[in-house]
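In: What follows is a predicted protein model with its sequence.
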Amino acid sequence: MNTVFKPYSNDPTAGQASSLLTFDEKLSRSLALSVRATALVFEDPVSRHLLEQMERIAPSDATVLIIGETGTGKELVARHIHALSSRKNNTFGALNCAALSENLIESELFGHEKGAFTGALASKEGWFETAHKGSLFLDEVGDLPLALQAKLLRVLQEREVVKVGSRQPVPVDVRIIAATNVNLEEAVAAQHFRADLYYRFNVAMIQLAPLRERPGDILPLTHHFLKMYAERLGYAEVALSPAAMHVLLNYDWPGNIRELENAVHRALLICPGNVLRPEDFKLSGVRISEQANSISTSSLETALHRLFEQAPPKLFEVIEETVIRSAFEYCEKNQVQTARMLDISRNVLRHKLNHYGLLPGKQGKFTEKDVA
């Protein structure tokens, strides 16, 4: 099992310890550069409700859909559900659907036979077979291509997989725990996600609140990360100043728990003493939402007004294509990063890139000359 759940005293003066959920030490170190949250506490009332919900859902074999922003701890929730279930002694598999190309996802999920495609030098089991009698965590399911969604739906219905390059079905018994940071209902409405697969996933739903909506967890998590990184760095005990606590509690944490962990690690590296100050965290001390509202959009509005005056045909498509193309180029044509920056699913992005001819081998519908 790769998670640890235990009472944890964040504050020696506190009357009751928090419950801590974290990856084991070896796995936690391997996730040091990941965007995953590596710890959850259940001090805030919102988090306590989450823990109760996990404990109710876990013993069943129901498919679970976890919805939450990046860095909120979706994989930790999935692993804990597995640990509380009757499948706990069997394999827990985890696959990030957004991190693999369309060709690789099918092979990773269902496996392949030797010679099924170039580079398939030997037969390979997919995650469904590997996690037989266990649980399979599918992260970022909103990014699954539509064609693969249909194949996945069939596996969930028939409880059998067919490897790439094979015609022989293999029975599987796997509990699915899916997660996404996109609104699947909107994706269904936009025809980027199959409605029948959404309903198949959405048997038991867990809404994982962002860190800003569970402020009671901020300081307990901070103390946990302080202790963890101080031990790794060989530091003596490090404390938080009252001013630092105030800044941490009044920051919006758009990167959630993972951002908090990075901020603590960075603060320990640059702090000159054994008491962390607000300036050690390199945070503004004000809520991000307030900052965002103050960002000037006058230059963008000016450019739009010029376009309105010219009134070129299909104006909205011209604007949308320019935004998609510019973001794609800015992210060096990395689809995952572009989708995250624009806050849309990779399925939606791929559809837009294909529509505007921005994928390799395509010719765009519009050029810069069209908006000149």
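Out: Alright, I've got the coordinates. Numbering: from 1, shown residues only.

In: What's the local residue count around the residue lying closest to residue 141 once chain neighbours are set aside?
Out: Once flanking residues are discounted, residue 141 sits nearest to residue 178: 4.5 Å by Cβ to Cβ, 6 or more residues apart in numbering. Every C-beta, even on glycine, is put in place using the N, C-alpha and C of the backbone. Burial of residue 178 is recorded as 28 neighbouring residues (other Cβ atoms under 10 Å).

In: so what does the host helix or strand of residue 178 touch, helix or strand wise?
Out: Assigned by DSSP states H and E, residue 178 belongs to strand 175-180. The contact analysis (3 or more Cβ pairs under 8 Å, 6 or more residues apart in numbering; DSSP states H and E) places strand 175-180 against strand 64-67, helix 74-83, strand 135-139.

In: Looking at those, spot the one closest to residue 278.
Out: helix 74-83 (28.5 Å; Cβ to Cβ).

In: Distance from the closest one to the middle of the chain?
Out: 14 Å (Cα atoms, centre = their mean, to the nearest Å).

In: for stretch 323-331, same thing?
Out: Distance, centroid of stretch 323-331 to centroid of chain: 21 Å (Cα atoms, centre = their mean).

In: How about that stretch, which residues are buried there?
Out: 324, 325, 327, 328, 331 (16 or more other Cβ atoms under 10 Å).

In: swap in stretch 199-211?
Out: Those would be 200, 201, 204, 206, 208, 209, 210, 211, for stretch 199-211 by 16+ other Cβ under 10 Å.

In: And stretch 253-271, by the same measure?
Out: Buried, per 16+ other Cβ under 10 Å, within stretch 253-271: 253-265, 267-268, 271.

In: quick one, strands of this structure?
Out: 3-8, 18-23, 39-41, 64-67, 92-96, 111-112, 124-125, 135-139, 160-162, 169-171, 175-180, 204-207, 239-240, 275-276 (DSSP state E).

In: Of all the ones you listed, which one comes closest to residue 153?
Out: For the strands of the chain, the distance to residue 153 is smallest for strand 175-180, at 11.2 Å, taking Cβ to Cβ.

In: CA atoms of that closest one as CSV?
Out: What follows is strand 175-180, C-alpha atoms only, in CSV (Å, rounded to 0.1, in the frame of the first residue of the first chain):
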residue,chain,number,x,y,z
ARG,A,175,-13.0,-1.1,-9.5
ILE,A,176,-12.7,2.2,-11.4
ILE,A,177,-11.9,5.4,-9.5
ALA,A,178,-11.9,8.3,-12.0
ALA,A,179,-10.8,11.9,-11.5
THR,A,180,-11.0,15.1,-13.5
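
In: mind listing what residue 61 touches?
Out: Taking Cβ atoms under 8 Å, 6 or more residues apart in numbering, we find residue 61 in contact with 85, 86, 175.

In: Mind giving me the ChimeraX command for buried ones among those?
Out: Filtering the contacts of residue 61 down to the buried ones (16+ other Cβ under 10 Å) takes a single ChimeraX command:
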select :85,175
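
In: Low-confidence stretches in the stretch 251-372 of the chain?
Out: 284-299, 361-372 (pLDDT under 70).

In: Tell me where the stretch 151-300 of the chain has helices.
Out: Counting by DSSP state H, counting those that start in this stretch, the segments of the stretch 151-300 of the chain that form helices are 184-189, 195-201, 218-233, 242-249, 256-270, 288-294, 298-310.

In: ends of stretch 92-101, how far apart?
Out: 22 Å (Cα to Cα, to the nearest Å).

In: From the chain's centroid, how far away is that stretch?
Out: 11 Å.

In: Pull the contacting residues for the residue nearest the centre of the chain.
Out: Centroid-nearest residue in the chain, with Cα atoms, centre = their mean: residue 70, separated by 3.8 Å. For residue 70, the contact set (Cβ under 8 Å, 6+ apart) comprises 35, 181, 255, 256, 258, 340.

In: quick revisit: pLDDT for the contacts of residue 61 - can I get that in CSV?
Out: Converted to CSV, the contacts of residue 61 look like this (pLDDT from 0 to 100):
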residue, pLDDT
85, 95
86, 95
175, 96
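
In: I'd like the contacts of residue 61 as CSV, with distance to residue 195 appended.
Out: Shown next, in CSV, are those (distance: Cβ to Cβ, whole Å):
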residue, distance to residue 195
85, 28
86, 31
175, 22
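
In: mind giving me the domain ranges of the protein?
Out: 44-210, 218-291, 300-371 (automatic domain parsing).

In: Export these as JSON lines, with columns for distance to residue 21.
Out: Putting the domains of the chain into JSON lines (distance: least, Cβ to Cβ, whole Å) gives the following:
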{"stretch": "domain 44-210", "distance to residue 21": "5"}
{"stretch": "domain 218-291", "distance to residue 21": "10"}
{"stretch": "domain 300-371", "distance to residue 21": "25"}
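
In: Mean pLDDT and mean neighbour count for the helices and strands packed on strand 175-180 - can I get that in JSON lines?
Out: Formatted as JSON lines, those follow (pLDDT from 0 to 100; neighbours: other Cβ atoms under 10 Å):
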{"stretch": "strand 64-67", "mean pLDDT": "96", "mean neighbour count": "23"}
{"stretch": "helix 74-83", "mean pLDDT": "94", "mean neighbour count": "24"}
{"stretch": "strand 135-139", "mean pLDDT": "95", "mean neighbour count": "24"}
